[in-house]
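Enquirer: mind folding the following:
(chains A, B, C and D)
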There are 2 protein chains.
Amino acid sequence: MGTDMQIHEGAETERTGADTKARLLDVAEELFATQGISNTSLRSITSAADANLASVNYHFGSKDALIREVFVRRIGPINEERMRMLDAIESGRGDRAPGLADIVEAIVAPVMRLKRVDARQQRMFLRLFSQVHSESEEIQRLIFTQFHEVASRFIPLLQSALPNLDRTELLWKIKFMIGAMVGSMLPMTGLTPFRALDGEGSDPESVLRRLIPFIVAGLSVSVPPGEDRAAERGA
Amino acid sequence: MGTDMQIHEGAETERTGADTKARLLDVAEELFATQGISNTSLRSITSAADANLASVNYHFGSKDALIREVFVRRIGPINEERMRMLDAIESGRGDRAPGLADIVEAIVAPVMRLKRVDARQQRMFLRLFSQVHSESEEIQRLIFTQFHEVASRFIPLLQSALPNLDRTELLWKIKFMIGAMVGSMLPMTGLTPFRALDGEGSDPESVLRRLIPFIVAGLSVSVPPGEDRAAERGA
DNA sequence: GTCTATAGGGGGATAGAC
DNA sequence: GTCTATCCCCCTATAGAC
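Expert: Residues are numbered from 1 along each chain as shown, chains lettered A, B, ... in the order given. Here you go, the predicted structure:
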């Protein structure tokens, strides 16, 4: 199968006059996404970015800070948009419980609309985040921390919209929800039937029109109290 | 933060008299999961497995075959169980459309019950599959191929249970469904509220009791025909 | 400055000895 | 089954021709 050729499929900033800091971010993102984070040495980053080994420390302070920056650059705008949408929901109606779909949309839509960026960046986004699972807990925490703020507003809001769910139930459903969101971005490479989805209907708004009701339905459904499941099997 | 120490957290087969083939599989899986597949050379695998460079070719035939084997070892049993469950569904009732929950369970449950294996293997499973997105299309295909058989039975079955959904709709929902399934396995490391889920309620059956209704609800809900939601924003 | 040629290294696959 | 040695291919870098 030969060796991997992914590293330089179509570099963007390589030769431009972009400043070193931006180049370092671009290169680091790409290497992180394809090789893993801890597998990527500062040396490989700086040499690929045509920069000095010391430049990372100068521009970011540490490798950890660089890692954080790489993710902040992608997650930051998404979470800011989420906060804005959550603001809109909470300010709009004084006491009335906000619509479930609005809340879900606030979390999910900013990610989908990220598709605005070109396909290459889209792929990179998925790759980058896929790598997180292969990293140490410290690095994972470093990245998950960036969702704390949004989560601390989203969870209570969702709880208030679904007062009948106990907390455990709610949190599990949120995991499913996040999964469904990610699932919408999975390539499904080579599974023939799914090739049909590559064309039309894959623009952000179309996906959202399908994804949000799916999630809302899943969130809304009540879970059978608990013991045997063979019971409802015949129904 | 130091470099990655994950490689040998608690190796299992290292020193035992386990045969070379098994050792190669274990080592390859671990290296694939932590470094990526194409980033892992046969040389690094064989040396870590205390085996000869030629051993991979002797035991598996090629690197591709080794890759396939690594995944087959994990996916194989899952898909076999899925096929058995699909058999049971289709044989049981002659003409009547099978219950949606049964179909979903047939796909989802075998993955959840994989948790039977120890936590380390569970983590490895997620890591391993996370790496797939960072690989070339050839490798992705190599792995996705292993789902063809199940998919070709599952999709029509689901379609028959949801006759009102057009094919595109159905396929999107399947992506969401797969996502939700994966989502249930995500660590959410460091997001404080989710730490509560680590203890009770995280056994396979409990997760399934929540996950299956979530998915069934999402599959069942009808999607708004399409024009209303600001659809014609830019199109 | 651009292009072709060639050297070097890494990696996968294979033959033949043990 | 395992090993050593080797072949071949691909990629990168560099040098010399134009």
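Enquirer: for the rest of this, base every contact and every neighbour count on C-alpha atoms.
Expert: Will do.
Enquirer: give me the contacts around the helix or strand of chain A with the lowest mean pLDDT.
Expert: The least trusted helix or strand in chain A, going by mean pLDDT, DSSP states H and E, turns out to be helix A:119-132, with a mean of 84. With Cα atoms under 8 Å, 6 or more residues apart in numbering or on different chains as the test, helix A:119-132 has contacts from A:29-30, A:32-34, A:36-37, A:74, A:114-115, A:139-140, A:185, B:127, B:130-131, B:133-134.
Enquirer: next SSE downstream of it?
Expert: helix A:137-144 (DSSP states H and E).
Enquirer: contact partners of that next one?
Expert: A:64, A:68, A:71, A:132-133, B:1, B:188-191.
Enquirer: and the very next helix or strand once past it, what does it pack onto?
Expert: Sequence-wise, the next helix or strand downstream of helix A:137-144 (DSSP H and E) is helix A:148-161. The contact analysis (3 or more Cα pairs under 8 Å, 6 or more residues apart in numbering or on different chains; DSSP states H and E) places helix A:148-161 against helix A:63-92, helix A:100-112.
Enquirer: need the ones you listed in JSON lines (columns: distance to DNA strand C, mean pLDDT and mean neighbour count).
Expert: What follows is these, written out as JSON lines (distance: least, Cα to the nearest atom of the strand, whole Å; pLDDT from 0 to 100; neighbours: other Cα atoms under 10 Å in any protein chain shown):
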{"stretch": "helix A:63-92", "distance to DNA strand C": "24", "mean pLDDT": "94", "mean neighbour count": "17"}
{"stretch": "helix A:100-112", "distance to DNA strand C": "35", "mean pLDDT": "96", "mean neighbour count": "21"}
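Enquirer: wait, which of these is closest to chain B?
Expert: helix A:63-92 (7.4 Å; Cα to the nearest Cα).
Enquirer: that closest one to helix A:137-144, inter-axis angle?
Expert: 40 degrees (axes from the mean of the first three to the mean of the last three Cα atoms, to 10 degrees).
Enquirer: any part of helix A:63-92 near chain B?
Expert: Yes - against chain B, helix A:63-92 shows contacts by Cα under 8 Å from any Cα of the partner chain at residue A:64.
Enquirer: name the helices or strands packed onto that helix?
Expert: helix A:20-35, helix A:55-60, helix A:100-112, helix A:137-144, helix A:148-161.
Enquirer: and residue A:177, what element?
Expert: helix A:167-183.
Enquirer: can you point out the buried residues in that helix?
Expert: A:167, A:169-183 (16 or more other Cα atoms under 10 Å in any protein chain shown).
Enquirer: that helix to helix A:119-132, inter-axis angle?
Expert: Using the same axes, to 10 degrees: helix A:167-183 against helix A:119-132 is 140 degrees.
Enquirer: give me the next element, helix or strand, following helix A:167-183.
Expert: helix A:204-220.
Enquirer: what's the angle between that next one and helix A:167-183?
Expert: Using the same axes, to 10 degrees: helix A:204-220 against helix A:167-183 is 160 degrees.
Enquirer: where does chain A have low pLDDT?
Expert: Scanning chain A with the threshold set as pLDDT under 70 gives A:1-18, A:93-98, A:115-120, A:225-235.
Enquirer: show the contacting residues for residue A:76.
Expert: Contacts of residue A:76 by Cα under 8 Å, 6+ apart are residue A:146.
Enquirer: residue A:181 versus that one, what's the distance?
Expert: 18 Å (Cα to Cα, to the nearest Å).
Enquirer: and what of residue A:189?
Expert: 18 Å.
Enquirer: same check, this time on residue A:60
Expert: Counting by Cα to Cα, the gap from residue A:60 to residue A:181 is 32 Å.
Enquirer: I'd say residue A:86 and residue A:103 touch.
Expert: Yes - using Cα atoms under 8 Å, residue A:86 is in contact with residue A:103, at 7.1 Å.
Enquirer: what's the overlap in contacts for these two?
Expert: Common neighbours of residue A:86 and residue A:103 (Cα under 8 Å, 6+ apart) are residue A:154.
Enquirer: mind checking which helix or strand residue A:163 is in?
Expert: Residue A:163 belongs to no helix or strand, assigned by DSSP H and E.
Enquirer: what's around it, how many residues?
Expert: Residue A:163 has 11 neighbours, counted by other Cα atoms under 10 Å in any protein chain shown.
Enquirer: same question for residue A:22.
Expert: 13.
Enquirer: got the contact list for residue A:83?
Expert: So residue A:83 contacts A:106, A:150 (Cα under 8 Å, 6+ apart).
Enquirer: any idea how far it lies from residue A:109?
Expert: 12 Å.
Enquirer: same question for residue A:58.
Expert: For residue A:58, the distance to residue A:109 - Cα to Cα - is 36 Å.
Enquirer: for residue B:218, find the nearest of the helices and strands packed on helix A:148-161.
Expert: Among these, the nearest to residue B:218 by Cα to Cα is helix A:100-112 (13.2 Å).
Enquirer: packing partners of the closest one?
Expert: Helix A:100-112 packs on helix A:63-92, helix A:148-161, helix A:204-220, going by 3+ Cα pairs under 8 Å, 6+ apart.
Enquirer: put the alpha carbons of the second one into CSV.
Expert: Same thing as helix A:148-161. Presented in CSV, the C-alpha positions along helix A:148-161 are these (Å, rounded to 0.1, in the frame of the first residue of the first chain):
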residue,chain,number,x,y,z
HIS,A,148,-16.7,23.6,30.2
GLU,A,149,-18.2,27.0,29.7
VAL,A,150,-20.7,25.9,27.1
ALA,A,151,-21.5,22.7,29.0
SER,A,152,-22.2,24.6,32.2
ARG,A,153,-24.9,26.6,30.5
PHE,A,154,-26.2,24.0,28.1
ILE,A,155,-26.8,21.2,30.7
PRO,A,156,-29.0,23.2,33.0
LEU,A,157,-30.9,24.7,30.2
LEU,A,158,-31.6,21.3,28.7
GLN,A,159,-32.5,20.1,32.2
SER,A,160,-35.1,22.9,32.5
ALA,A,161,-36.6,21.9,29.2
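Enquirer: any of the contacts of helix A:119-132 buried? List them.
Expert: Buried among the contacts of helix A:119-132 (16+ other Cα under 10 Å): A:29-30, A:32-34, A:36-37, A:74, A:114-115, A:139-140, A:185, B:127, B:130-131, B:133-134.
Enquirer: domains in chain A, as residue ranges please.
Expert: A:1-61, A:63-222 (automatic domain parsing).
Enquirer: residue B:200 is nearest to which of those domains?
Expert: Taking those one by one with Cα to Cα, domain A:63-222 is closest: 9.7 Å.
Enquirer: how long is that closest one from one end to the other?
Expert: Domain A:63-222 end-to-end distance (Cα to Cα) = 46 Å.
Enquirer: okay, now residue A:164: neighbour count?
Expert: 12.
Enquirer: can you report phi and psi for it?
Expert: phi -80, psi -10 (degrees, to the nearest 10).
Enquirer: in TSV: the helices and strands packed on helix A:100-112, plus distance to residue A:54.
Expert: Shown next, in TSV, are the helices and strands packed on helix A:100-112 (distance: least, Cα to Cα, whole Å):
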stretch	distance to residue A:54
helix A:63-92	11
helix A:148-161	31
helix A:204-220	41
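Enquirer: nearest to residue B:43, of those helices?
Expert: helix A:63-92 (29.0 Å).
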